[in-house]
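**Student:** the sequence isn't on hand, but the structure is:
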């Protein structure tokens, strides 16, 4: 039983595409206030269909196909508007700079963008819940602690889930059990009897992961790691991922050379210091790797500030380089060399890694795979630690890292890459 409907993104996607087509037909109708002929509709549908695919990609990058999309109604209009503004710019470039289809719609394009925004917004606010809603079942949770409370609050305060937690077992058709909870073993016989009453049982860890896209750290055990984490190589995934690392880092690395002269001049005009810095980071299997960046601080202290030193400060140019992530462009060559990957847990400073290994159980497990420029934690965690000792924030970060290690796939890597693009475009530093 899935707590979050796995069909939700598909329902949203097909609904969006349907209303894109309807918006195009209505735009042709409103343009001349007459029913458009089939031939006229086909002439416009072919190029617009290509745009529809691009629009859906923009929606995905904007987070409009995430599992919690239908929850965020208050944010939906603004998010959708920003996506449509981006789509407008893409449409202008598509029709006026790539004249392959013999049409350059102006009024129709304007009407379409306005109509599609309104119809998709209405579809997502009202229509989805009529089509995609599921029967809600009552459930009880056998467990305690912060994660249990977090789970109950999340599920009971949002309509997207097909469960509601109640207080009485008698009223429940689903029981979510934390098998690591002390005392659960003693009540298993009574829980077992409920199987014959048609009650479904779900593992707490799996439900938590399904909803939050991360692993409940405090509930982990050696048994969990032995069952879910393996150092055995995933040959197809690892080979294809390395191939994509080589191709993309080479292409992006060459393209990024355009920025180098401007960065050189800006840094020299700012404080006349060195252009590049190198720092050691913890790589795969705990091996130290040397990564390269554009200098963004007054001096290269090799990560000394990670230990709490306040004698080093960010330069004026460095603040912009960090905000835009331009300071990390030289790391594309690290990806090409195989020191790191494009996607994976962010590599940590050695001094901080040693501290976290002492303070955080299972921390070193994140080192069993190659670190990356961007990762699952970077696109989800808001209060992420950044080059300073932050044990609690790093615990949360680890929950996302472990989820990625457990679930890693090319599809998940693609999702991270697209969401990273959103982060870069919105200039939100990670």
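**Tutor:** Good, I have the coordinates. These figures come from a predicted structure and were not determined experimentally. Numbering: from 1, shown residues only.

**Student:** for the helix or strand hosting residue 139, what is the average pLDDT?
**Tutor:** Element membership for residue 139, per DSSP states H and E: strand 137-142. The average pLDDT within strand 137-142 is 89.

**Student:** and the contacts of it?
**Tutor:** With contact meaning C-beta atoms under 8 Å, 6 or more residues apart in numbering, strand 137-142 is reached by 148, 151-152, 162-169, 171-178, 181, 184, 187, 191, 202, 204. Where C-beta positions appear, they are placed from N, C-alpha and C, glycine not excepted.

**Student:** what about the nearest residue to residue 318 once chain neighbours are set aside, neighbour count?
**Tutor:** Nearest residue to residue 318, sequence neighbours excluded (C-beta to C-beta, 6 or more residues apart in numbering): residue 296, at 3.0 Å. By other C-beta atoms under 10 Å, the residues close to residue 296 number 20.

**Student:** might one say that residue 296 is in contact with residue 312?
**Tutor:** No - counting by C-beta atoms under 8 Å, residue 312 is not a contact partner of residue 296; they are 10.3 Å apart.

**Student:** what sits against residue 420?
**Tutor:** Taking C-beta under 8 Å, 6+ apart as the test, what residue 420 contacts is 374, 378-379.

**Student:** may I have the phi/psi pair for it?
**Tutor:** Backbone torsions of residue 420, given as degrees, to the nearest 10, read phi -70, psi -40.

**Student:** from now on call the first residue 270
**Tutor:** Sure thing, new numbering starts at 270, so read that last one as residue 689.

**Student:** hang on, the earlier thing: and of the contacts of residue 689, the nearest to residue 491?
**Tutor:** Nearest to residue 491 out of those is residue 647 (C-beta to C-beta; 27.9 Å).

**Student:** where does the closest one land in three-state SS?
**Tutor:** helix (DSSP: H, G, I helix; E, B strand; the rest coil).

**Student:** show me the residue at the heart of the chain, geometrically.
**Tutor:** Centroid check for the chain by C-alpha atoms, centre = their mean gives residue 648 as the closest residue, at 4.4 Å.

**Student:** per-residue confidence at that residue?
**Tutor:** With respect to pLDDT, residue 648 scores 86.

**Student:** that one touches residue 693, doesn't it?
**Tutor:** No - the pair residue 648 and residue 693 fails to qualify as a contact (C-beta under 8 Å) at a distance of 11.0 Å.

**Student:** care to break this protein down by domain?
**Tutor:** Per automatic domain parsing, the structural domains of the chain span 277-400, 406-481, 504-694.

**Student:** in TSV, list the ones you listed along with distance to residue 494.
**Tutor:** Formatted as TSV, the domains of the chain follow (distance: least, C-beta to C-beta, whole Å):
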stretch	distance to residue 494
domain 277-400	26
domain 406-481	12
domain 504-694	7
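
**Student:** to the chain's geometric centre, what's the distance from the strand or helix carrying residue 494?
**Tutor:** For residue 494, the host element (DSSP H and E) is helix 491-497. Between the centre of helix 491-497 and the centre of its chain there are 25 Å (C-alpha atoms, centre = their mean, to the nearest Å).
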